[in-house]
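**Student:** next come a sequence and a model predicted from it.
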Amino acid sequence: MNDKDEDLKKVIMDLEEERRDLEDANTELCKKLCESNDEIREAQQELISGLRGLSDESSMIRVKMMGRVDKKPFLKVCEERFSGQDVALQHDRLFSKWQERVLDSRWEPFKIQRSGDKIVGVVDEEDEKLKKLSIKWGEDVKKAVKTALEELYEYNGSGRYPVAVVWNFQHGRKATLKEGIIAHMKYQINNLKRKRT
């Protein structure tokens, strides 16, 4: 074996050792990332628990159940069409029926579309049930059902049940962890002030 072969063998061994070191570092970083993600998830769950009991309808930051149909459009259309006790009865029936449908995994009102490099599922506007809903009860009721379906697809794509999320109602988006913590602290401080007075 000549000197060139020896030098080449040494370079290969050095590169192999460097590759192993990088793999070890990568494994350690992945492990730390998983641990950090677990901690963040736990903190979010604690925040959700805390905000559930403290926030009210006027709060900008509060827990929203993603995939739960908004009742207001159902109530509005029932108030327009019915009177007296029929309003509440019809509202409860209609709302319950569509909340159940939204959560029914046998109903697949989605279609797959390409969005740039991504493939995404979107609610199919041509779905027969949604079209009939719109014709019979109006566009606002259909929009409430469509929104719940979109939320389920985004926040719980593997299951058809509502998921609790800390939500910024002022900006119409998921709240950051920082926003949630600040809101929780404000609620706690206000509660302490009320107890003192």
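**Tutor:** Yes, it's here.
**Student:** now the residue nearest the centre of the chain: how far from D56?
**Tutor:** Central residue check for the chain by Cα atoms, centre = their mean: the C-alpha nearest the mean position is that of Y155, 3.1 Å away. Applying Cβ to Cβ, to the nearest Å, the value for Y155 to D56 is 23 Å. The way it works is simple: take the backbone N, C-alpha and C, and place the C-beta from them, glycine included.
**Student:** do the same with I112
**Tutor:** Noted for I112: a distance of 40 Å to D56, by Cβ to Cβ.
**Student:** check S96 too.
**Tutor:** Distance of S96 to D56, given as Cβ to Cβ: 25 Å.
**Student:** looking at the two, which one has more neighbours?
**Tutor:** Using other Cβ atoms under 10 Å, the more surrounded residue of S96 and D56 is S96, with 12 against 7.
**Student:** mind listing what's buried along stretch 104-120?
**Tutor:** If you call a residue buried by 16 or more other Cβ atoms under 10 Å, then stretch 104-120 has these buried ones: P109, F110.
**Student:** I should have written stretch 62-74 there, sorry.
**Tutor:** Across stretch 62-74, burial judged by 16+ other Cβ under 10 Å covers R62, V63, K64, M66, G67, R68, V69, P73, F74.
**Student:** now it - C-alpha only, CSV.
**Tutor:** In CSV, the C-alpha atoms belonging to stretch 62-74 read as follows (Å, rounded to 0.1, in the frame of the first residue of the first chain):
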residue,chain,number,x,y,z
ARG,A,62,-60.8,31.7,25.9
VAL,A,63,-61.2,28.0,25.1
LYS,A,64,-62.9,27.1,21.8
MET,A,65,-64.0,23.6,20.9
MET,A,66,-62.9,23.1,17.4
GLY,A,67,-65.4,21.1,15.5
ARG,A,68,-68.4,22.2,17.5
VAL,A,69,-71.1,23.8,15.3
ASP,A,70,-72.0,27.4,16.1
LYS,A,71,-75.6,27.5,17.5
LYS,A,72,-76.4,31.1,16.6
PRO,A,73,-77.2,30.7,12.9
PHE,A,74,-79.5,27.7,13.8
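**Student:** for the record, mean pLDDT for it?
**Tutor:** The pLDDT scores in stretch 62-74 average 93.
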